[in-house]
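*Asks:* The sequence isn't on hand, but the structure is:
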């Protein structure tokens, strides 16, 4: 794998990864009635992620790439399931509420991860981190109060569940650092595909959606994979604090694309979403500043 040791070069690479991910909500908005075909979406996206990442591992490691699956262990299995749940929750969230709320819920991931690390890995959480968690929690509550309609609140709750799933993935990687991370992500794609096809067969629904939707399903999966590969290349040279701030690229970009009139979606966040989102951004910036001294690298291998 290409390894970047220069932080000044690695930062644009990671930023570009975030920009790729940020187009995900826009892709979903272009789908025909995505709320009616969530399982078809998850099946196609899961298969795409599984195939592309295994193809990448094949070119990276040769025929022996399959041995990564022998190293998965309990941590990889739990991480894959957590990430699979995050993917499932994402589509249920974004099809029932605004892209801004879904993405801002995902922005709270560092704090959910800190809480899970505290509960299950006995990692210490400083007072400053608790303050950041409190600020982010207030922001989420404000968003919830401004989106109390049943559908929108449903979407917000699934957005938080998606963030929880991603956090479970992060914590399992901390639990056992030698877990093959790309293989775990590929496993999450397989998890989505298996769950989706089981539900589709049992409900008697078609596995395939329209040709337009199928193309967009695969485009979204491809964006996820390309972003992961670029993130893995650049993240090895960037400390945790900077990566936390760079993760905002996906959130800000995702909200911007669905608002930008050029793309024809014109989705404007509500006032409470803007206020709550500002508090979450404030919490992330504060969190990044207080861990600035931490030169821990959190690369995705």
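*Replies:* Received, thanks. This structure is a prediction, so every number in the text was calculated from the model and none was measured.
*Asks:* how about residue 173, secondary structure?
*Replies:* With DSSP: H, G, I helix; E, B strand; the rest coil as the basis, residue 173 sits in helix.
*Asks:* Show the pLDDT at it.
*Replies:* Per-residue pLDDT puts residue 173 at 78.
*Asks:* what does residue 282 give?
*Replies:* With respect to pLDDT, residue 282 has a value of 90.
*Asks:* cool, and the one 10 residues further on?
*Replies:* The model reports residue 292 with a pLDDT of 58.
*Asks:* go on, residue 190?
*Replies:* 96.
*Asks:* Quick check: which element contains the closest residue to it other than its chain neighbours?
*Replies:* Distance criterion C-beta to C-beta, 6 or more residues apart in numbering; nearest residue to residue 190, sequence neighbours excluded, is residue 50 at 4.9 Å. C-beta: built from backbone N, CA, C; applies to glycine. In this assignment (DSSP states H and E), residue 50 forms part of helix 38-61.
*Asks:* distance between that helix and the chain's centre?
*Replies:* Relative to the mean C-alpha coordinate of its chain, helix 38-61 is positioned 15 Å out (C-alpha atoms, centre = their mean, to the nearest Å).
*Asks:* Contact partners for the residue nearest to residue 190?
*Replies:* 186, 189, 190, 193 (C-beta atoms under 8 Å, 6 or more residues apart in numbering).
*Asks:* again, only using 6 Å
*Replies:* 186, 189, 190 (C-beta atoms under 6 Å, 6 or more residues apart in numbering).
*Asks:* neighbours around the closest residue to the second one other than its chain neighbours, how many?
*Replies:* With C-beta to C-beta, 6+ apart as the criterion, residue 189 has its nearest non-adjacent residue at 3.3 Å, and that residue is residue 49. Using other C-beta atoms under 10 Å, residue 49 has 28 other residues around it.
*Asks:* Could I get the pLDDT score of residue 49?
*Replies:* 94.
*Asks:* Would you mind measuring from it to residue 27?
*Replies:* From residue 49 across to residue 27, the span is 14 Å (C-beta to C-beta, to the nearest Å).
*Asks:* Same check on residue 170?
*Replies:* According to C-beta to C-beta, residue 170 and residue 27 sit 24 Å apart.
*Asks:* Residue 96 now?
*Replies:* 17 Å.
*Asks:* and residue 177, that one's in a strand?
*Replies:* No - read with three-state DSSP, residue 177 is coil and lies in no strand.
*Asks:* remind me which residues of the stretch 1-150 of the chain are low pLDDT?
*Replies:* Counting by pLDDT under 70, the stretch 1-150 of the chain shows low-confidence ranges at 1-7, 148-150.
*Asks:* give me every residue that touches residue 279.
*Replies:* Residue 279 makes contacts with 135, 138, 139, as judged by C-beta under 6 Å, 6+ apart.
*Asks:* Return the per-residue confidence for it.
*Replies:* 92.
*Asks:* Which helix or which strand is home to it?
*Replies:* helix 271-290.
*Asks:* That helix: which residues count as buried?
*Replies:* For helix 271-290, burial by neighbour count (16 or more other C-beta atoms under 10 Å) applies to 272-274, 276-277, 279-281, 283-284, 286-288, 290.
*Asks:* How about stretch 187-198?
*Replies:* 187, 188, 189, 190, 191, 192, 193, 195, 196, 197.
*Asks:* which of those residues lies closest to residue 222?
*Replies:* Distances from residue 222 to these, taken as C-beta to C-beta, are shortest for residue 189 (11.8 Å).
*Asks:* got the angle for the helix or strand harbouring that closest one vs helix 38-61?
*Replies:* According to DSSP H and E, residue 189 maps onto helix 181-203. For helix 181-203 against helix 38-61, the angle by axes from the mean of the first three to the mean of the last three C-alpha atoms, to 10 degrees is 150 degrees.
*Asks:* which strands and helices sit next to helix 181-203?
*Replies:* Using 3 or more C-beta pairs under 6 Å, 6 or more residues apart in numbering; DSSP states H and E, the elements in contact with helix 181-203 are helix 38-61, helix 73-94.
*Asks:* Specify the next element, helix or strand, located C-terminal of it.
*Replies:* Heading C-terminal from helix 181-203 (DSSP H and E), you reach helix 211-235.
*Asks:* what helices or strands is that next one leaning on?
*Replies:* If you count contacts as 3+ C-beta pairs under 6 Å, 6+ apart, helix 211-235 packs onto helix 7-22, helix 24-30, helix 38-61.
*Asks:* Flag every buried residue along that helix.
*Replies:* 213-214, 216-235.
*Asks:* what comes into contact with that helix?
*Replies:* Contacts for helix 211-235 (C-beta under 6 Å, 6+ apart): 2, 4, 10, 13-14, 16-17, 20-21, 23-24, 27, 30-32, 41, 44-45, 48-49, 52-53, 299-300.
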